[in-house]
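1. A structural model of the following input is requested.
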Amino acid sequence: MRILLAHNSPYYPAFGGGDKSNRLLMESLASRGHSVLVAARGDRFSREAHEHLLAELAVRGMSAIADAAGVRFRRNGVEVHVLTLDPHVRTWFASHITAFDPDVILTSTDDPAHLMLEPALAGARARVVYLVRATVALPFGPDTSFASAMKTGILRQADGVVAVSEYVARYARRWGGLEAVHLPVSLLESAEFPFLGRFDNRFVTMVNPCAVKGISIFLALARLFPETGFAAVPTWGTTPGDLLALRKLPNVSVLPAADNIDDILRMTRIVLVPSLWAEARSRMILEAMARGIPVMASQVGGLAEAILGMDYLLPVQPVVHYQSAVNELMVPAAEIPEQDIAPWRAALDRLLSDRAHYESLSARSRERALAYAAGLTCLPFEAYLEKIVASPKRGRPAPKPALSPERRKLLALRLRRKLGGAAPPSAPAAWLTQAEIQELDTSDHRAELALRATELARQALPGVDLEIFWDGMWIRRVGAVYFPDPDLFRAPTPNWRRWPGLADQYLRDAADYWFHVYNPRPGDIIADIGAGRGEDVFAFSKAVGPEGRVWALEPHPVSFQALEKLCSWNRLSNVTALPYACTDAPVQLQIETLPVWESNYIRPGEASHTSYAVQGVPFDSLMAARGVDRLDFLKMNIEGAERTALPGCRAMLAHTRFVCIAAHDFRAARGEGEHFRTLEFVKRFLGDAGFEILTRANDPRYYVPYHVHGFRRE
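-> Take a look at the predicted model:
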């Protein structure tokens, strides 16, 4: 088979468990005679990162070729292409699909934004298999850090789903409706494992100490056992604050990550895996046990499977809630519960003080792990891929009508009976009364409400092809365009005249307001900060075409849901929607809900009965984590929050061609508050960022003179 791995993460050298597991799986498949290509990305996109990767490979004795996009090398029979210079991950990966023509494309949870998954699914021939290595990165269920119905629908288009543990497979089946199977996809590096577990070894060791991995438990134990040496090995999740906390304790040594895990484990007496999030599995547990090193792990997720029935599996208070944000390393920001350290203290005390118990557990752990490792091969996964390749490719689903024809007929009959047996009148009908809406807008009666609303709308707009249906919120289809409308039944009567031409109006408004200076081109990258319910996103998506990209930020939960529905139903596959406010530092804020939703605004302070808690994140951090290092156009329309938002965009603005910022001084003039008065601040900030400034001061519309256009002279 020709196998293409979409690895939206560093591939080699890399110290994350998922990165290492993917590498070993690919090398095992290559050893079986398959042609394997890996398309990976560097840890960031820059000339410095490019040169650093070349140097790291050279230190390891590996030859590499640099090209215009990145670095190419070969390792253990696998061809590896790493994107280091060009941030256009989607386009770059699509070109690899075309050039390599794979039989199967492997994607995984290291690509939560689906930058590689979506081009893989768009391919005409290759089957797509999705590897689930972390439930927290799935867009559904209680473990998720970011729920998204749209992304869940995209995952369901995969031809196969393989989970790293039975826990993960059950989770994906139950919460996402995915046909997931558990297969061994986390292979080990060697069939020979040195015995390293010695009672007199120096350290109690934890790899990747960070909040979600349980650094709080590690630090608490280090304080309780001041005479014992502890070792911390920072990797992808460890923040500067974590390092500071570790280095404050005199008995904690911070060790560098190593290509060969034996370099760390030969100094290790006990391995701690005190994860607080739903760990899918753990390479570290098996790596340690195979070398005779006892493990203390938390009883969460798939760790019970990883520890193979051995001691110690210890209780924790797991993470149950994530903020709509990430930390400075782009790790989901979790609310960390207080922990009961007593069970951990007792287990560690016994392992440190009872040599006989330690040595017995060491021997039994090694025996159990080696027996498991002896049967750990890629053969079941290989057979699964062969079956997938031999099966028909799963088609991409078309939007389905809200009701089946049979259901439509039945409800039409009920509607005629409610109207006294007569056919609906040909003249435009009145809208539903609030009493009727209140009676029918329930889960049991929404199908009937949808039918009645559709019939009345068609009477009001004769000859217009339209439909109203429910998909988590009310949606109008007019012609081929879908309009999410959570406020559909709140007005006494809809504004019928707007419906037929609304899609064209979106396009005209974008050309008028945002494209006054900027002229969009196919393939451009646009950021829409304050995307609302997607009116401009619709136009931006059309303007940049399938090779372009739109990044849409909208913090209000109702507007964000509408934005997702708009993108999903209209198949705006070049749009990524993110539920954040743009701020200069990570912070929790409130967004007020006003009668006119376009006027919703961000504020600090306590919650009110009309506000929602939302997470503010620097735009620079969001883009850096997704490999975006340039923009062709940045639009910002955030109702007076520019003073906190623009500083969080500073790095990206340095690599942006055009901007348009909508100031809202007219709201200050109306007495709504001086915080809306930002026009001069916006002008100064953009000027300091190197932009030429243009406004339409003489435009008669009250809001247009406050649109600040920034451009760079070619």
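
2. the longest helix in the chain is where?
-> Ordering each helix of the chain by length in residues (DSSP state H) puts helix 355-374 first.

3. packing partners of that helix?
-> If you count contacts as 3 or more C-beta pairs under 8 Å, 6 or more residues apart in numbering; DSSP states H and E, helix 355-374 packs onto helix 283-290, helix 342-353. Where you see a C-beta, it was placed from the backbone N, CA and C, and this is true even at glycine.

4. chain center to the shortest one, what's the gap?
-> It refers to helix 283-290. Mean-position distance between helix 283-290 and its chain equals 28 Å (C-alpha atoms, centre = their mean, to the nearest Å).

5. the last one now?
-> The gap between the average C-alpha position of helix 342-353 and the chain average comes to 38 Å, counting by C-alpha atoms, centre = their mean.

6. okay, buried residues for the following helix or strand past the longest helix of the chain please.
-> Later in the chain than helix 355-374, the nearest helix or strand by DSSP states H and E is helix 379-390. Across helix 379-390, burial judged by 16 or more other C-beta atoms under 10 Å covers 380, 381, 382, 384, 385, 388, 389.

7. any idea of the mean pLDDT in helix 379-390?
-> Taken as a whole, helix 379-390 carries a mean pLDDT of 95.

8. would you map the helices across the stretch 401-550 of the chain?
-> Listed in chain order, the helices of the stretch 401-550 of the chain (DSSP state H, counting those that start in this stretch) span 405-418, 434-440, 446-460, 502-513, 535-544.

9. nearest to residue 211, of those?
-> Proximity to residue 211 (C-beta to C-beta) singles out helix 535-544 among the helices of the stretch 401-550 of the chain, at 33.0 Å.

10. and the helices and strands packed on helix 355-374 as a markdown table, adding mean pLDDT and distance to residue 310?
-> Listed next are those as a markdown table, based on pLDDT from 0 to 100; distance: least, C-beta to C-beta, whole Å:
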| stretch | mean pLDDT | distance to residue 310 |
| --- | --- | --- |
| helix 283-290 | 95 | 7 |
| helix 342-353 | 97 | 12 |
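
11. among these, which is the most enclosed?
-> Most buried of the helices and strands packed on helix 355-374, by mean neighbour count (mean count of other C-beta atoms under 10 Å): helix 283-290, with a mean of 25.

12. now the element after that one, going C-ward?
-> Note on helix 283-290: by DSSP H and E, the next helix or strand toward the C-terminus is strand 295-298.

13. what helices or strands is that following strand leaning on?
-> strand 268-273, helix 283-290, strand 313-314, helix 342-353.

14. distance from the chain centre to that strand, please.
-> 28 Å.

15. can you start the count at 17 instead of 1 from here on
-> In the new count, where the first residue is 17, that last one comes out as strand 311-314.

16. next up, the contacts around the residue nearest the centre of the chain.
-> In the chain, the centroid-proximal residue (C-alpha atoms, centre = their mean) is residue 128; its distance is 3.7 Å. Residues in contact with residue 128 (C-beta atoms under 8 Å, 6 or more residues apart in numbering) are 153, 155, 162, 167.

17. can you check residue 694 too?
-> With contact taken as C-beta under 8 Å, 6+ apart, residue 694 is in contact with 656, 658, 659, 679, 680, 681.

18. other residues contacting stretch 680-687?
-> By C-beta under 8 Å, 6+ apart, stretch 680-687 touches 615, 655-656, 689-695, 718-719, 722.

19. so in the chain, where's the weakest helix or strand by average pLDDT?
-> Least confident helix or strand of the chain, by mean pLDDT, DSSP states H and E, is helix 421-434 with a mean of 54.

20. check contacts around the closest residue to residue 195 other than its chain neighbours.
-> Nearest non-adjacent residue to residue 195, counting by C-beta to C-beta, 6 or more residues apart in numbering: residue 177, 6.1 Å away. Contacts for residue 177 were tallied using C-beta under 8 Å, 6+ apart; they are 145, 146, 148, 171, 188, 194, 195, 196, 197.

21. average pLDDT for the helix or strand encompassing the second one?
-> The reference is to residue 146. Residue 146 belongs to strand 143-148 when assigned by DSSP H and E. Strand 143-148 shows a mean pLDDT of 96.

22. so where's this protein uncertain?
-> For the chain, the stretches with pLDDT under 70 are 206-207, 339-348, 411-446, 611, 730.

23. apply 80 and report the result again.
-> 103, 161-163, 206-207, 337-350, 411-446, 507-508, 610-618, 625, 729-730 (pLDDT under 80).

24. what domains does the record give for it?
-> Using automatic domain parsing, the domains assigned to the chain come out as 18-203, 219-395, 421-513, 519-727.

25. could I get those as TSV with distance to residue 211?
-> Shown next, in TSV, are these (distance: least, C-beta to C-beta, whole Å):
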stretch	distance to residue 211
domain 18-203	21
domain 219-395	5
domain 421-513	56
domain 519-727	41
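
26. which one of those domains lies nearest to residue 209?
-> domain 219-395 (4.3 Å).
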